[in-house]
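Enquirer: Here's a sequence, model it:
(one chain, ligands or ions: 2)
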Amino acid sequence: MTNGSPCPPSRPWWKDAVCYQVWPMSFKDSNADGHGDIQGIISKLDYLKDLGADVVWVSPTYKSPMKDFGYDISDWSDINPAFGTMEDMLQLIEEVHKRGMRILLDLVITHTSDQHPWFLESRTSKVNPKADWYMWENGRPGHHIYNTRTGVDDKVEQPTNWRACFGGSAWYYGEERDQHFLHLFLKEEPDLNWENPVTRKAIYEAAIGFWLDKGIDGFRIDTVNRLSKDVTWQDVPTKLVGPLQSATHVYINGPRSHEFLKEMRQYMDNHPRVQESGQELMLVGELPKTPMDDVMQYVHPDSRELSMVFDFDMVDLAGHDSPDEVKAHETKNLCDGDPSYTLPLFKETIIKVQNLISAGGWGTVFMENHDQCRSIARYATPEPQYYQKAAKLLCLMQTTLSGTEFIYQGQEIGMLDMPLHWDYDDFRDPGAKLYIDEEFESGGPEARENARIGNLKFGRDNGRTPVQWSSGKNAGFSDANEGECWIGVNDNCEAGVNVEDQQADPDSIWHFWKRQVGLRKEYREVFMYGSFECLELDNMKTFTYVKTAVDGLTALVCLNFSNEMQPITAPDDLLNGRSLEFLTGNLGQPLAHEQPLAAWEGHVYLLKAPLHKAVEERLRRFPTDAQLDEAFGKSLNI
Ligand code: GLC
Ligand code: CA
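Expert: Residues are numbered from 1 along each chain as shown. Ligands and ions are numbered 1, 2, ... in the order given. Below you'll find the predicted structure:
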């Protein structure tokens, strides 16, 4: 853990941080094998620092059979050779710290790989020492669930009718025990039994203590609200066609969730390295499908559980993970104009997190990660004439909302989803393949094509194509022979969607992100911490909000989420005699004050109080803005 000057309790260091997520497989390949690696990350740390990142979150590089690209871990305290060695990892931690940044690792402890030695032992019999380290249950007599995924085990009696997140049953049969084990994700990812205190302790030591000893600054905690399950194992009511049903509402936020997290947090707080450094760890957990009051329990400082969460309401909007449980191809994007996904609904998801912060909790600002499609088509527009403006508009929004900022690799150059012609053999995500197989089996070629379209819209490979560093071979991601990268490279790297070209162009999305990150830090009181008020919630075209810092500095953010020109909203009672001073915008400075917003244009204004007579008198004697600033300094920014 890095040592720094102590922060006041209400302002731990991680509130101010700008975080950058690296998904190592696709970030940078250092040895030309077509696979990103730890040395590749080290080679780009100066780049991340230059962009303004304070924290680097590195997705899993642990030992793993890679069925779920590293989220299926077979040894928490070892490194997958495809990514490098333990020495590389220790070097990464050191190099991050040398640059004054901090590092988070992924903590994946809801499940392990089915190749983890604990599971290999657990599956051998009902009586071995680790027999109840995973969630084994008997099938229910007469409770046949036809399972398209399990091959020879079809029609066995399963414990419940739950569907796994990536398709198929959430149970898999283990012959040696004549029992089923629970896997909320892939069948190669058995769920650990958190009910067992011995297992919990072993997890803390192997997955957490080991890395705290190595000096990391915190964790991103995978699927944090799935540790505790309702172990009465009830069937869920039938909503979807077919026997298997989504049961997320039963197995998330289970009855002992908070108890387990508090216990885990205590383990961390008591860790000698944490005690010694006196620094708060940063703990950010994934939190889908959780109402505001419940989110608060996870993040309120008095709960002593997590620092913050990724609230999923925005990424799940009108998607296959929404409460409507639609199929992936029925997922709606904002530009589809569908009533299940309108701008006001989008605003609501933001209001939830902003209110959480005002009420004493804390949250994150994020739109992308390795499980999501890219943000531009989903929340704005992919139309060629608008998408660059749209990318900057989303950046303007993301850098003016309160909370801890997360940028996902490639977001800073406006990376787009995978090409539309991609098909089964191009996809790499096991979830995508399972979904297509399942749809084909149940609905034939038409359903299969729909599933393919669904993946193009919503699939996780969208966020996993290699980072485009240049317009050269493999987009500068790897020196491997062309076509030998683990996943295809998007050819839009040749059309300016790459770091090198954008660094050379001061008008690029990359430069815009860098400037915005700088402004966010400069005006941190208003942008990172300010209170939030949404104006005109029902407006379907513009998103307008007011941010106010504790010292009264107020910003008005006006964002046009449409292809048409829109007026600016600045109500008189808000202005209260103050005037609008343009601070930043994605199309540059407007010619006239309060000029309407062009398509996908956004403006950020500061509200300025009228100047006192005597000050005005003095001001007249200074002809330029620079001189004004020099003479009166920032004190005029009231
Ligand atoms: C999380 C990860 C995802 C993974 C899943 C199972 O949602 O972000 O990539 O597949 O958990 O570990
Ligand atoms: Ca490599």
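
Enquirer: those helices in the stretch 351-500 of the chain, which residues are they?
Expert: For the stretch 351-500 of the chain, the helices defined by DSSP state H, counting those that start in this stretch occupy 375-379, 387-398, 430-458, 499-503.

Enquirer: distance between the ends of stretch 178-197?
Expert: With Cα to Cα, to the nearest Å as the measure, stretch 178-197 spans 25 Å from end to end.

Enquirer: I'd like the numbering to begin with 448 instead of 1 from here.
Expert: OK, 448 is where the count begins now, so the last one is stretch 625-644.

Enquirer: which residues of the stretch 598-747 of the chain fall in strands?
Expert: With DSSP state E, counting those that start in this stretch as the criterion, the stretch 598-747 of the chain has strands at 609-610, 618-621, 626-629, 665-668, 692-693, 729-734.

Enquirer: For ligand 1, find the nearest of the helices of the stretch 798-947 of the chain.
Expert: Nearest of the helices of the stretch 798-947 of the chain to ligand 1, taken as Cβ to the nearest ligand atom: helix 877-905 at 7.3 Å. (Glycine included, C-beta is placed from N, CA and C.)

Enquirer: Out of the strands of the stretch 598-747 of the chain, which gets nearest to Gln856?
Expert: strand 665-668 (13.9 Å; Cβ to Cβ).

Enquirer: That closest one packs against which elements?
Expert: In this structure, strand 665-668 makes packing contacts with strand 549-554, strand 729-734, judged by 3 or more Cβ pairs under 8 Å, 6 or more residues apart in numbering; DSSP states H and E.

Enquirer: can you put those strands in TSV and add distance to ligand 2 and mean pLDDT?
Expert: As requested, the helices and strands packed on strand 665-668 are exported to TSV (distance: least, Cβ to the ion, whole Å; pLDDT from 0 to 100):
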stretch	distance to ligand 2	mean pLDDT
strand 549-554	19	98
strand 729-734	27	98
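
Enquirer: Can you pull the phi/psi pair for the residue of the stretch 498-647 of the chain found nearest ligand 2?
Expert: The stretch 498-647 of the chain approaches ligand 2 most closely through Ala529 (6.8 Å), counting by Cβ to the ion. Phi and psi for Ala529, reported as degrees, to the nearest 10, are phi -60, psi -20.

Enquirer: I'd like to know how far the nearest residue to Leu803 once chain neighbours are set aside sits from ligand 1.
Expert: Nearest residue to Leu803, sequence neighbours excluded (Cβ to Cβ, 6 or more residues apart in numbering): Gly810, at 5.3 Å. The spacing between Gly810 and ligand 1, counted by Cβ to the nearest ligand atom, to the nearest Å, is 18 Å.

Enquirer: Give the closest residue to the residue of the stretch 498-647 of the chain closest to ligand 2 in space, chain neighbours not counted.
Expert: Leaving aside its chain neighbours, Ala529 sits nearest to His482 (5.4 Å; criterion: Cβ to Cβ, 6+ apart).

Enquirer: swap in Leu1030?
Expert: Leu1030 sits nearest to Val1051 (Cβ to Cβ, 6+ apart), 4.7 Å away.

Enquirer: now Lys904
Expert: Thr778 (5.3 Å).

Enquirer: Correct me if wrong: that neighbour contacts Leu903.
Expert: No: contact criterion Cβ atoms under 8 Å: Thr778 and Leu903 do not qualify, at 10.4 Å.

Enquirer: wait, doesn't Lys514 sit right on Pro877?
Expert: Yes: contact criterion Cβ under 8 Å: Lys514 and Pro877 qualify, at 6.3 Å.

Enquirer: which residues are in contact with both of those two?
Expert: Shared contacts of Lys514 and Pro877 (Cβ atoms under 8 Å, 6 or more residues apart in numbering): Leu633.

Enquirer: quick one, what contacts Met862?
Expert: Contacts of Met862 (Cβ under 8 Å, 6+ apart): Arg821, Thr912, Val914, Gln915, Asn937, Val944.

Enquirer: would you list those residues in CSV and tack on pLDDT?
Expert: CSV is the format used below for these (pLDDT from 0 to 100):
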residue, pLDDT
Arg821, 98
Thr912, 98
Val914, 98
Gln915, 98
Asn937, 97
Val944, 98
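
Enquirer: can you put those in TSV and add distance to ligand 1?
Expert: Formatted as TSV, the contacts of Met862 follow (distance: Cβ to the nearest ligand atom, whole Å):
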residue	distance to ligand 1
Arg821	16
Thr912	15
Val914	17
Gln915	21
Asn937	20
Val944	24
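
Enquirer: Which of those has the largest number of neighbours?
Expert: Comparing the contacts of Met862 by number of neighbours (other Cβ atoms under 10 Å), Gln915 comes first, having 29 neighbours.

Enquirer: Return the distance of it relative to ligand 2.
Expert: 17 Å (Cβ to the ion, to the nearest Å).

Enquirer: Correct me if wrong: that residue contacts Ile860.
Expert: Yes: Gln915 is within contact range of Ile860, at 6.6 Å (criterion: Cβ under 8 Å).

Enquirer: shared neighbours, these two?
Expert: Joint contacts of Gln915 and Ile860 (Cβ under 8 Å, 6+ apart) are Val944, Asn945, Val946.

Enquirer: from these, which is closest to Ala649?
Expert: Val946 (42.4 Å).

Enquirer: quick one, what contacts the closest one?
Expert: With contact set as Cβ under 8 Å, 6+ apart, Val946 has these partners: Tyr494, Ile860, Val914, Gln915, Trp916, Ser917, Gly923, Trp957.

Enquirer: and with 6 Å instead?
Expert: Val946 sits next to Ile860, Trp916 when contact means Cβ atoms under 6 Å, 6 or more residues apart in numbering.

Enquirer: likewise Met582?
Expert: Met582 sits in contact with Leu629, Asp638, Asn640, where contact means Cβ under 6 Å, 6+ apart.

Enquirer: And the residue nearest to it when sequence neighbours are not counted, how far from ligand 1?
Expert: Distances taken as Cβ to Cβ, 6+ apart place Leu629 nearest to Met582, at 4.0 Å, with adjacent residues excluded. Leu629 is 13 Å from ligand 1, where distance means Cβ to the nearest ligand atom.

Enquirer: what's Leu629 in contact with, if anything?
Expert: Contact analysis of Leu629 by Cβ under 6 Å, 6+ apart lists Met582, Ala617, Asp638.

Enquirer: how about the second one, what does it touch?
Expert: The contact partners of Ala617, taken as Cβ under 6 Å, 6+ apart, are Trp609, Ala611, Leu629, Leu631.
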